[in-house]
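Asks: Return a 3D structure for these sequence lines:
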Amino acid sequence: MGRETIRIGTRGSPLALKQAEEIVSSLRRFHPHLNFRIIKMKTTGDKNKNTPLEKLEGTDFFTKEIEEALLRGEIDLAVHSAKDLPDQIPEGLTIAAITSSIDPDDILVSKKSLKLDELPRGAKVGTSSFRRKTQLKKFRSDFQIVDIRGDTPKVYEKFFEDNEEYPVMTIAGGGYTRT
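Replies: Next comes the predicted model:
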């Protein structure tokens with residue numbers, strides 16, 4: 001008789017895959033008799049990379065398709081970033097575990113070693129997070145926030161290769177650390 005395989009649904013981004021691999025590693029310690037298979041899935045948030053996150057309808061744009069697959073029995077568990085969880089968990093599902101944060105801080109990335117308080121009035125700052133946008137505007141109301149979307153490696157690459165639009169950006173520490 002073969003070993004049971006647990007199917008884990010997650011987004012296909014480098015960060016999501018890294019998180020799923022961390023979960024598999026933890027589960028293997030407690031369940032060495034099981035096999036685990038990571039299944040990459042596309043979500044609305046993956047398909048629509050142009051619309052700012054706060055303008056997308058609902059709060060499940062990075063989870064909906066994965067949760068629907070879970071409810072249909074196509075996967076056995078789902079791995080999400082806590083920040084991507086919807087306001088309401090769909091009926092029939094539960095949050096089974098929350099892992100510790102690898103790095104809860106935000107990171108300021110600058111081409112010229114600029115600090116936020118050294119930026120000129122009206123400076124443009126790139127970020128994708130609604131929370132970070134709000135914090136930046138509270139820190140300096142004159143900042144012009146540039147919406148950046150994509151997985152951390154691509155955002156980082158674009159920033160350093162062909163970005164003249166904004167001199168600094170803020171990204172999640174956990175995303176940077178994991179990728």
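Asks: Which stretches in the chain count as strands?
Replies: 5-11, 35-41, 77-78, 106-110, 124-127, 144-147, 168-172 (DSSP state E).
Asks: Let's have the ones you listed in a markdown table, adding mean pLDDT and mean neighbour count.
Replies: Yep, even glycine has a C-beta here, placed from its N, CA and C like the rest. Converted to a markdown table, the strands of the chain look like this (pLDDT from 0 to 100; neighbours: other CB atoms under 10 Å):
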| stretch | mean pLDDT | mean neighbour count |
| --- | --- | --- |
| strand 5-11 | 97 | 20 |
| strand 35-41 | 98 | 16 |
| strand 77-78 | 96 | 19 |
| strand 106-110 | 89 | 16 |
| strand 124-127 | 91 | 21 |
| strand 144-147 | 91 | 15 |
| strand 168-172 | 87 | 22 |
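Asks: which one of those lies closest to residue 97?
Replies: Closest to residue 97 of the strands of the chain, according to CB to CB: strand 77-78, at 9.2 Å.
Asks: Which neighbouring elements make contact with that closest one?
Replies: strand 5-11, helix 64-71 (3 or more CB pairs under 8 Å, 6 or more residues apart in numbering; DSSP states H and E).
Asks: can you put those in a markdown table and add distance to residue 123?
Replies: Output for the helices and strands packed on strand 77-78, formatted as a markdown table (distance: least, CB to CB, whole Å):
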| stretch | distance to residue 123 |
| --- | --- |
| strand 5-11 | 32 |
| helix 64-71 | 36 |
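Asks: To residue 17, which of these lies closest?
Replies: Closest among the helices and strands packed on strand 77-78, using CB to CB: strand 5-11, at 6.6 Å.
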